[in-house]
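Visitor: here is the input, now give the coordinates:
(chains A and B)
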Amino acid sequence: MNESAWDGTLSASEFSASAQAFAEKWKLNNPAYPPWTWVKSLEVPIFATNQVEEGYLSLENVCIVKSNDDEVASCVEGEASLYDKEDEESTDSATLSGNDNVQPYYFDFHIIYSASFRVPVLYFRAYCSDGRSLGLNEIESVLPANSAKVLLESKWTFITQEEHPYLNRPWCKLHPCGSSDWMKLLFQAVEKVDRPAMELYLVSWFSVVGPVIGLGIPIQMLKEP
Amino acid sequence: MKEAQEFVWMGAIPLQIHLHESEVTTVPPPPPALILAPRIGYLPLLLPLIKPYFSSTLPPGVDTVWFEYKGLPLKWYIPTGVLFDLLCAEPERPWNLTIHFRGYPSHLLIPCEGEDSVKWNFINSLKEADYIINGNCKNVMHMSQSDQLELWNSVVNANLEAFIRSSSKLKSGTIEDDYASKSSLSSQKSQKMIGEADTSVQTKTGKVPVRLYVWNVSEDFGDMEDAPPIDSWDRISYVNRPLEIHREEGKCFTLHDAIKTLLPELFGKKRKPKGEGNISQPLETGSTADDDPEIKLLRIQGIEPKLETPISWVANHLRHPENFLHVCVYIKVPSAKSL
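Guide: The predicted model follows:
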C-alpha cells in the first residue's frame, strides 16, 4: 500500500476541472443567482496561450441587502453591471423598490487557486451603490448576521485585506491556511472516502466557505447528479 | 553558505528621500533624507530614521506613510532590494524616492499600519514558504511568540547573527542537488549537505519558494538607461508559484531551466517528463528556438547570475529571510508569434 492518505489539497488542473463542474452545478441548482464565469488569467498580458488553462472563477455584482433595522439580510439576484468600477462611478442607483431602510451592497467574488497551498482561496470586495469601496470592518458589518456569526466562531476562517493575485488592487481574502485540513475532515466525515472525486472538491469547499460570506448553496448541489 | 548569507544581509541601497512638495509647509523646503536601506528590509521600517527629517514641516493631520518612485506608488511588502532591482533598469545611486505622509492611495495599495503590518506580512510569507518546502506550516506555527518576535527583530535590524540563532528553530531546509551531491531525492532521511557545516534538512517536497517579477519589454533598447520607466504595476507580471525541480540523471537544473519552468506560457513547450532532448528543441510544430522570448536581464539580490548556475545554489544562497527567492526578469517577447 504505497498511496499515502489524501492531504486535502488539489492540483492546478484538478482545480480547473473542479471549477467547471462547480459552475455547471451552480447554474443548474441556483437559478436565482447569476452564473459563475471562468476568467483566464493571462500571466503576461501580451502573450496569450491556451496551453495552460489557468484562470479563476468570478461572480460579480451580487447584491446583498442589509436593512438598517439590522434584520437578517437576504440575497437578491445581481444585476448586470450597470456600474463602471474603473471610473468609480455609478450609472444607476439601487434597483430595489423604494424602501428607505434598505441599503444595497454589491459584492464581487473570485475563487482563485493558490499554487503555494494547493487549495482554492476566496477573494472578494464590496461597494455601495454610489461606487464607494467598503473597508474590511464595514464588510464584516454588512454581511448577513448568521454569516458574521460563522466568521466569529470558526477558527478556520478569517478575513484579511491583501492584494489580488492578478489585479493589483486590494481585495479581501478568506485565509487559506487550514483549508486542506478541514477539506480532509469534510471528506472523511461526510463522504466517508479517503480520496474524493476531484470534480466535487469545489462544491464541498464552497459549502463551508459560502455561508461565511452570505452565499449559501442549495443541498441539491452536494448530491451526485 | 555563511559568506553568501553575509553578502546578502549586508547588501544595502543608498536612498535619497524627498518629501512630496504638496506636504512641504516650510520655506525653504527641507533637504532630502539620506538613508542606507538594507536590501532584505522593507521601506516602512525606515520611518523612524526618516521622520525626524520632515516632522517639523508636515501639515497637520494623521500620518499615513507611503513611498513613490517616478509616480509609481511602491508596494511596501516587497523587499527594498527587490523594488530597486526591478524598477531601476539602470541602477540609480542614490535611489531617489518620494515619501508621502498624507493621501494614502488605498484604492491601489493595501493598508500599512506601521511595523506590525510588515511583520504580519513577513510571518505569513514565512508560513507560505514553510508550506511549500515541508508540505505544512508546522515549523512556523510551533515557534513561540517570543521566538517569532526575535526572528522578526533580526530582520528589522539586519542582524545576521541573531537571525541564524532564531532561525535554527525553523527547519528551513536546503535544496539537494543530484548533480552536485549524487544523493537521491526519494530518501526521506535527513542528510547533511556535502561540504556544509550547518545542519541541513532535505526539503521534503523538492519545491522551492520563488517570487518572480516579470517585466515584458515590448520595445528594444540597447542600454538599460534607455529602458522605459515602469509607470504602473499592471506592466509587471507577478508569478508566485513554487518551483518544482525536475531532477534528471547527470543533468543540472539551472537557473535558466527554472525560469522556463515557471513561465510555461512564455516558453511554450512543457518539458517531457523523461527529460529527453534539449529544452530548446521544439516539441511542437510551428515554433523554433528563435521564437523563444529573450531574457534581457535577470537580477537576484542585485547581481546578475549566469543562467547556467545550478538553481540549488541560487536558491540556497540568495534567498531572503522569509525563505523566498525573489527574481526580477526583463523579458522581450517576439511580437510576430503565431498561435
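Visitor: how close does the residue nearest to B:Ile164 when sequence neighbours are not counted sit to chain A?
Guide: Residue nearest to B:Ile164 in three dimensions, not counting chain neighbours: B:Gln5, with 7.9 Å by Cβ to Cβ, 6 or more residues apart in numbering or on different chains. Placement of C-beta: from N, CA and C, glycine included. From B:Gln5 across to chain A, the span is 24 Å (Cβ to the nearest Cβ, to the nearest Å).
Visitor: so which strand or helix has B:Gln5?
Guide: helix B:2-10 (DSSP states H and E).
Visitor: okay, now the sheet partners of the next helix or strand after that helix, with direction.
Guide: On the C-terminal side of helix B:2-10, the nearest following helix or strand under DSSP H and E is strand B:12-19. If you go by DSSP bridges, strand B:12-19 pairs up with strand B:33-38 (antiparallel), strand B:95-100 (parallel).
Visitor: show the pLDDT at the nearest residue to B:Gly11 once chain neighbours are set aside.
Guide: For B:Gly11, ignoring the flanking residues on the chain, the nearest one in space by Cβ to Cβ, 6+ apart is B:Arg39 at 3.7 Å. B:Arg39 is assigned a pLDDT of 97 by the prediction.
Visitor: quick one: B:Arg39 and chain A, what's the gap?
Guide: The spacing between B:Arg39 and chain A, counted by Cβ to the nearest Cβ, is 22 Å.
Visitor: counting neighbours, what do you get for that residue?
Guide: Counted with other Cβ atoms under 10 Å in any protein chain shown, residues neighbouring B:Arg39 total 23.
Visitor: one more: B:Gln148?
Guide: 19.
Visitor: kindly provide the distance from it to B:His326.
Guide: To B:His326, B:Gln148 is 21 Å away according to Cβ to Cβ, to the nearest Å.
Visitor: related to what we said a few turns ago, wait, the residue nearest to B:Gly11 touches B:Trp95, no?
Guide: No - if you go by Cβ atoms under 8 Å, B:Arg39 and B:Trp95 don't touch, sitting 11.5 Å apart.
Visitor: okay, and the common contacts of these two?
Guide: Each of B:13, B:84 lies in contact with both B:Arg39 and B:Trp95 under the rule Cβ atoms under 8 Å, 6 or more residues apart in numbering or on different chains.
Visitor: which parts of the stretch 51-200 of chain B sit against chain A?
Guide: Contacts of the stretch 51-200 of chain B with chain A, taken as Cβ under 8 Å from any Cβ of the partner chain, map to B:75, B:106-111, B:127-128, B:131-132, B:135, B:137.
Visitor: where neighbours are concerned, which of those residues has the most?
Guide: Within those, most neighbours by other Cβ under 10 Å means B:Tyr131, with 26 neighbours.
Visitor: for that one, give me the pLDDT.
Guide: On the pLDDT scale, B:Tyr131 gets 91.
Visitor: and for the one 10 residues further on?
Guide: B:Met141 carries a pLDDT value of 87.
Visitor: OK, contacts around it?
Guide: For B:Met141, counting by Cβ under 8 Å, 6+ apart, the contacting residues are B:Lys127.
Visitor: return the distance of it relative to A:Trp6.
Guide: 21 Å.
Visitor: tell me which element A:Ser204 is part of?
Guide: Using DSSP H and E, A:Ser204 sits within helix A:201-209.
Visitor: what helices or strands is that helix leaning on?
Guide: The elements that helix A:201-209 packs onto, with contact taken as 3 or more Cβ pairs under 8 Å, 6 or more residues apart in numbering or on different chains; DSSP states H and E, are helix A:12-29, strand A:119-128, helix A:179-186.
Visitor: closest to B:Lys332 out of those?
Guide: helix A:12-29 (27.0 Å; Cβ to Cβ).
Visitor: so what touches that closest one?
Guide: A:10, A:33, A:35-38, A:53-57, A:111, A:113, A:115, A:120, A:198-203, A:206, A:217-218, A:220-221, A:225.
Visitor: pipe the strands paired with strand B:12-19 into CSV and attach mean neighbour count and distance to A:Lys27 per row.
Guide: Output for these, formatted as CSV (neighbours: other Cβ atoms under 10 Å in any protein chain shown; distance: least, Cβ to Cβ, whole Å):
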stretch, mean neighbour count, distance to A:Lys27
strand B:33-38, 18, 52
strand B:95-100, 20, 46
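Visitor: could you export the ones you listed as TSV, including distance to B:His256?
Guide: Listed next are the strands paired with strand B:12-19 as TSV, based on distance: least, Cβ to Cβ, whole Å:
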stretch	distance to B:His256
strand B:33-38	29
strand B:95-100	29
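Visitor: helices along the stretch 51-200 of chain B, start to end?
Guide: Assigned by DSSP state H, counting those that start in this stretch, the helices in the stretch 51-200 of chain B fall at B:80-87, B:115-134, B:138-141, B:145-156, B:160-167, B:178-181.
Visitor: I'd like the mean pLDDT over the host helix or strand of B:Asp257, please.
Guide: If you go by DSSP H and E, B:Asp257 is part of helix B:255-262. Average pLDDT, helix B:255-262: 91.
Visitor: now the element after the lowest-mean-pLDDT helix or strand in chain B, going C-ward?
Guide: Counting by mean pLDDT, DSSP states H and E, the weakest-scoring helix or strand in chain B turns out to be helix B:178-181, with a mean of 46. Using DSSP H and E, the helix or strand that follows helix B:178-181 in sequence is strand B:207-208.
Visitor: and whichever helix or strand comes after that following strand, what does it pack against?
Guide: Per DSSP H and E, the first helix or strand lying C-terminal to strand B:207-208 is strand B:210-216. Secondary-structure packing of strand B:210-216 (3+ Cβ pairs under 8 Å, 6+ apart): helix B:80-87, strand B:236-239, helix B:255-262, strand B:325-332.
Visitor: please spell out which residues along strand B:210-216 are buried.
Guide: Buried positions in strand B:210-216, judged by neighbour count with 16 or more other Cβ atoms under 10 Å in any protein chain shown: B:210-216.
Visitor: tell me the least confident of those?
Guide: Lowest confidence among the buried residues of strand B:210-216: B:Asn216, with 83.
Visitor: let me know whether that one touches B:Ser237 as I believe.
Guide: Yes - the pair B:Asn216 / B:Ser237 is scored as a contact, 6.9 Å apart, by Cβ under 8 Å.
Visitor: and B:Pro52, how many residues sit next to it?
Guide: Residues lying near B:Pro52 (other Cβ under 10 Å) number 9.
Visitor: what residues does stretch B:14-21 touch?
Guide: Contact partners of stretch B:14-21, identified using Cβ under 8 Å, 6+ apart, comprise B:29-30, B:32-37, B:46, B:50, B:53-54, B:57-58, B:67-68, B:93-101.
Visitor: show the backbone phi and psi for the closest residue to B:Arg241 other than its chain neighbours.
Guide: Take B:Arg241 and drop its neighbours on the chain: the residue closest to it by Cβ to Cβ, 6+ apart is A:Ala115, 4.3 Å away. Note on A:Ala115: its backbone torsions stand at phi -70, psi -30 [degrees, to the nearest 10].
Visitor: many thanks, have a good one.
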